[in-house]
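# Using only what follows, build the 3D model:
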Amino acid sequence: MKQSATKWVLGHKVTPCDVTGDYDFVLGETPAKVQGPPPHSHAQYNETFLITEGEMEFMINGDIKTYKAGDFIDLPPNTVHTFNNSSDAVCKWVNIHSPKGFRSFFETLGVPIEEADSQMKSVAEDKIKLVIETAANYDMLLKL
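Numbers count the residues shown, from 1 in each chain. Got it, this is the predicted structure:
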């Protein structure tokens with residue numbers, strides 16, 4: 001599996017992977033005490049998460065639950081969700097969007113890890129504003 005450039009996206013480290021199928025596959029890492037994206041849904045995408053290390057708190061259609069290593073989260077289209085790592089340890093996860101296309105959100109709005117202060121830049125006010133203004137272009141329908 002070939003990995004693309006790793007970027008910080010809204011405080012989360014993401015590494016898209018090249019795949020041959022009609023889905024996007026991303027390796028993710030969320031540092032301790034990091035918030036997730038604004039609550040949102042996708043009209044066209046099925047989205048799944050597999051927690052591989054640590055734990056992550058998810059809000060799914062208003063219900064909040066903590067998922068731990070080995071847990072799988074399946075989100076059909078039009079499911080309002082967000083997540084955060086409220087623990088004191090890093091959380092690692094796999095994220096899949098199907099059909100293919102959401103990867104461009106990470107690649108376009110992410111900050112390359114090689115840049116100085118890249119994680120902080122990924123949550124700077126101007127970056128958050130850009131995400132809010134352009135989210136719908138990526139079928140990320142914000143529920144602010």
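# can you list contacts of the one helix or strand Tyr67 maps to?
Here Tyr67, judged by DSSP states H and E, is contained in strand 63-68. With contact meaning CB atoms under 8 Å, 6 or more residues apart in numbering, strand 63-68 is reached by Phe49, Ile51, Gly54, Glu55, Met56, Glu57, Phe58, Ile73. The C-beta positions use only the backbone N, C-alpha and C, and glycine is treated the same way.
# switch the cut-off to 6 Å
With CB atoms under 6 Å, 6 or more residues apart in numbering as the contact definition, strand 63-68 has outside contacts at Ile51, Glu55, Met56, Glu57, Phe58, Ile73.
# cool, stretch 37-55 as well?
10, 66-69, 71-80, 82, 87, 89-98, 102, 139-144.
# so what strands line up beside the strand holding Tyr67?
strand 55-60 (antiparallel) (DSSP bridges).
# Just give the number of residues close to the residue lying closest to Thr134 once chain neighbours are set aside.
Spatial nearest neighbour of Thr134, excluding adjacent residues (CB to CB, 6 or more residues apart in numbering): Leu109 at 7.4 Å. Per other CB atoms under 10 Å, the neighbour tally for Leu109 reads 18.
# Let me know whether Val19 touches Leu27 as I believe.
No. At 11.9 Å, Val19 does not count as touching Leu27 under the criterion of CB atoms under 6 Å.
# CSV for the contacts of strand 63-68, including distance to Tyr45, neighbour count and pLDDT?
Formatted as CSV, the contacts of strand 63-68 follow (distance: CB to CB, whole Å; neighbours: other CB atoms under 10 Å; pLDDT from 0 to 100):
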residue, distance to Tyr45, neighbour count, pLDDT
Ile51, 19, 23, 98
Glu55, 24, 16, 98
Met56, 19, 25, 98
Glu57, 21, 16, 98
Phe58, 16, 19, 98
Ile73, 14, 19, 98
